[in-house]
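[1] Return a 3D structure for these sequence lines:
(one chain, ligands or ions: 2)
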Amino acid sequence: MARIFCVANQKGGVGKTTSAVNLAAGLANVGQRVLLVDLDPQGNATMGSGVDKRQLELSVYDVLLESASIQEAAIFSEKCGYHVLGANRELAGAEVELVDLERRDRRLKKALDAADADFDFVLIDCPPSLSMLTLNGLCAAHGVIVPMQCEYFALEGLTDLVNTIKQVHANLNPDLKIIGLLRVMFDPRITLQQQVSEQLKSHFGDKVFNTVIPRNVRLAEAPSYGLPGVVFDPSAKGSQAFIEFAKELVQRIPSL
Ligand code: ADP
Ligand code: MG
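    Ligands and ions are numbered 1, 2, ... in the order given. This is a model prediction of the structure:
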């Protein structure tokens with residue numbers, strides 16, 4: 001059975017896409033069959049996996065509108081070692097087009113059910129909002145991985161996300177839970193970050209992943225080469241951290 005996780009946080013620029021592509025590459029690196037679903041019309045996860053969003057013949061848009069299956073629309077990225085169900089601007093229109101359709105929040109789930117045997121992990125890179133797209137992600141997933149920066153308002157921002165997850169759990173998807181909080185762009189020299197990190201651990205206990213992703217310029221450079229940092233420069237500190245994170249996640253699976 002495929003493990004399906006949303007990478008979500010309603011804030012923009014917190015490291016969702018970076019986490020999604022590098023975790024996908026890290027999991028592929030340790031031998032897992034991975035599908036990365038780009039649910040953001042910006043298509044950053046698509047481009048960051050070496051797939052040109054401007055040249056997609058089929059995308060997650062077609063899957064949501066049931067005009068293509070995942071087998072038809074997903075592209076294997078040779079360089080990255082995982083499949084990508086890509087997105088581009090067209091996906092922004094899906095929001096409107098889905099409104100009148102039946103089971104509009106279950107479209108992705110239905111499509112993933114049909115591809116369940118093909119993958120060990122499905123990672124869904126969500127847009128920074130609670131839209132119909134994100135809802136499709138949350139309805140399809142077993143859990144949510146929340147990347148977050150250890151900054152002053154981090155805990156406040158989490159309250160909204162935790163409430164959203166609780167609501168979806170209660171009304172739409174009883175499987176859904178928080179898999180864990182991933183501390184990203186971490187700089188141990190900054191006292192405030194250490195303090196927030198400690199607060200997170202005391203609030204959320206073992207829901208905070210052990211692995212910490214450092215701020216690392218190689219991770220930020222990699223997308224301009226159309227690659228995850230883990231593929232672009234596997235020896236960089238940030239890449240090593242994502243490979244560790246992939247191993248930690250695989251180890252946690254039996255207890256989830
Ligand atoms: P989101 O998908 O949440 O909007 P991104 O993953 O696109 O966030 O990250 C926002 C910016 O921060 C990008 O420019 C990205 O390259 C950079 N970034 C993300 N993680 C790191 C990191 N660990 N170290 C350095 N830069 C990072
Ligand atoms: Mg993003």
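[2] now the helices for the protein?
    Secondary structure of the chain (DSSP state H): helices at 16-29, 44-47, 60-64, 70-73, 90-98, 107-113, 132-140, 154-171, 191-204, 217-221, 229-232, 237-252.
[3] ok, and for the last one, which residues are buried?
    Pointing back at helix 237-252 there. Neighbour-count burial for helix 237-252, counted by 16 or more other CB atoms under 10 Å, picks out 238, 239, 240, 241, 242, 243, 244, 245, 246, 249, 250. C-beta: built from backbone N, CA, C; applies to glycine.
[4] separation between the fifth one and residue 217?
    In this structure, residue 242 and residue 217 are 15 Å apart, going by CB to CB, to the nearest Å.
[5] Check residue 109 too.
    Counting by CB to CB - residue 109 and residue 217 are separated by 38 Å.
[6] the more surrounded of these two?
    Neighbours per residue, other CB atoms under 10 Å: of residue 109 and residue 217, the larger number sits with residue 109, 18 against 11.
[7] What sits closest to the more buried one if chain neighbours are left out?
    On the basis of CB to CB, 6 or more residues apart in numbering, the spatially nearest residue to residue 109 that is not a chain neighbour turns out to be residue 140, at 3.9 Å.
[8] And the pLDDT for whichever residue of the chain sits closest to ligand 2?
    Per CB to the ion, the residue of the chain with the smallest distance to ligand 2 is residue 17, at 3.3 Å. The score at residue 17 is 98. That number is its pLDDT.
[9] who touches it in this structure?
    Neighbour list for residue 17: 7, 40, 44, 45, 48, 125 [criterion: CB atoms under 8 Å, 6 or more residues apart in numbering].
[10] Contacts only, for the nearest residue to residue 36 once chain neighbours are set aside.
    Residue nearest to residue 36 in three dimensions, not counting chain neighbours: residue 24, with 4.4 Å by CB to CB, 6+ apart. With contacts defined as CB under 8 Å, 6+ apart, residue 24 is in contact with 34, 36, 49, 80, 82, 121, 123, 228.
[11] and those residues as a markdown table, adding neighbour count and pLDDT?
    Output for the contacts of residue 24, formatted as a markdown table (neighbours: other CB atoms under 10 Å; pLDDT from 0 to 100):
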| residue | neighbour count | pLDDT |
| --- | --- | --- |
| 34 | 23 | 98 |
| 36 | 33 | 99 |
| 49 | 29 | 98 |
| 80 | 25 | 98 |
| 82 | 27 | 98 |
| 121 | 22 | 98 |
| 123 | 26 | 99 |
| 228 | 36 | 98 |
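[12] Make a markdown table out of those and add distance to ligand 2.
    Compiled in a markdown table, the contacts of residue 24 are given as follows (distance: CB to the ion, whole Å):
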| residue | distance to ligand 2 |
| --- | --- |
| 34 | 18 |
| 36 | 12 |
| 49 | 12 |
| 80 | 17 |
| 82 | 17 |
| 121 | 19 |
| 123 | 12 |
| 228 | 13 |
